[in-house]
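> My questions are about this predicted structure, shown below with the sequence.
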Amino acid sequence: MVKKIFAFLTVWGLLLPSSQAEIRHDPALATLFRNAGVEGQFVLIDAEQDQTVLSDPAGAQRRFVPASTFKVLNALIAIELGVVQEDTEVFPWDGKPRFIKTWERDLTLKEAMAVSAVPVYQELARRIGLDRMGEQVGKAGYGNGMIGTVVDRFWLDGPLAISATEQAQFLARLRQGTLPFAQQSQERVRRLIPMEAIDGARLYGKTGWAMAAQPMVGWYVGWVENGDRVATFALNMVMKDQNQAPLRKSLAIDMLRQLGLLDPLAQNTTGATGR
């Protein structure tokens, strides 16, 4: 099984710390999903320990609609193409009711990322346009690279899909600045990712909630910086209802603690906001 996983990750260009990096299946992570009563996958790329850790080697390859986790690449493409000024531009609210109350105000790009405001990022996608979007998504090597014909819905409804392994790969490259985009663009996007201090470390992450999928799929992806140690991660899980939404983030934090990236003795009281 390990040889098959290594071959798959090599073919798809997974950014590993070295060519001899360990790929490790950790059943304890799968136990955390089972104890929470959900089905899911967790992948962590740890350059410091020279390893990739998987909760479920087969499930880590299964692709799902990225939902709002795509906002990271959406912002990167918009910044790279110069269709937005991420530091100063304000996206005005049109005064109409929106799905989430925190979207009912004028928002900067960073604020829109923090509250996962879909309308703002749909506006970015329309500015980019279908042809340029397809080219840039392919250039990034993001998931299956398929965006279909609807430029402002493909990450919510499909056909775009990505696995937990590919999410962790993409974020590792973004964190290290090795994506095929300008260094300045990648740095600007890194500043947009919501960050919080937890257990003496810095946790950067973005939620996603594929509400149109059957069953629904939840995401939490990002990276953790703990001293000199940096690791990127991706979690997805099947969601039965909206009450399970906080598990996306709390489970990821539990798994980071299980793997020693966060304090394993700390209490996990962190919930999740956004979609």
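Arrived safely. Everything numeric here is computed off the predicted structure, so don't read it as measured data.

> so where's the stretch 1-150 of the chain shaky on pLDDT?
Judged by pLDDT under 70, the stretch 1-150 of the chain has its weakly predicted residues at 1-21.

> Let's see that with 50 instead.
Segments of the stretch 1-150 of the chain classed as low confidence (criterion: pLDDT under 50) are 1-17.

> And the strands in it?
Secondary structure of the stretch 1-150 of the chain (DSSP state E, counting those that start in this stretch): strands at 22-25, 40-46, 51-54, 63-64, 90-91, 107-108.

> gap between Tyr204 and Met211?
Plainly put, Tyr204 is 24 Å away from Met211 if you go by CB to CB, to the nearest Å. Heads up, the C-betas are built off the backbone N, CA and C, glycines and all.

> let me fix that: Ile100
From Ile100 to Met211 the distance is 12 Å (CB to CB).

> start to end distance for stretch 90-107?
End-to-end distance of stretch 90-107: 5 Å, with CA to CA, to the nearest Å as the criterion.

> oh, I was asking about stretch 67-87
With CA to CA applied, stretch 67-87 spans 24 Å between its terminal residues.

> same thing with stretch 215-235?
Span of stretch 215-235 from end to end, CA to CA: 16 Å.

> and if you look at stretch 217-234?
13 Å.

> follow-up on the earlier one: tell me which of the strands of the stretch 1-150 of the chain sits nearest to Leu171.
Nearest to Leu171, of all the strands of the stretch 1-150 of the chain, is strand 40-46, at 8.1 Å by CB to CB.

> then that closest one to CSV, C-alphas only?
Output in CSV follows, covering the C-alpha atoms of strand 40-46 (Å, rounded to 0.1, in the frame of the first residue of the first chain):
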residue,chain,number,x,y,z
GLY,A,40,-13.3,12.1,6.8
GLN,A,41,-9.7,12.4,5.8
PHE,A,42,-6.7,14.2,7.1
VAL,A,43,-3.4,14.8,5.4
LEU,A,44,-0.3,16.6,6.9
ILE,A,45,2.9,17.5,5.1
ASP,A,46,5.6,18.1,7.7
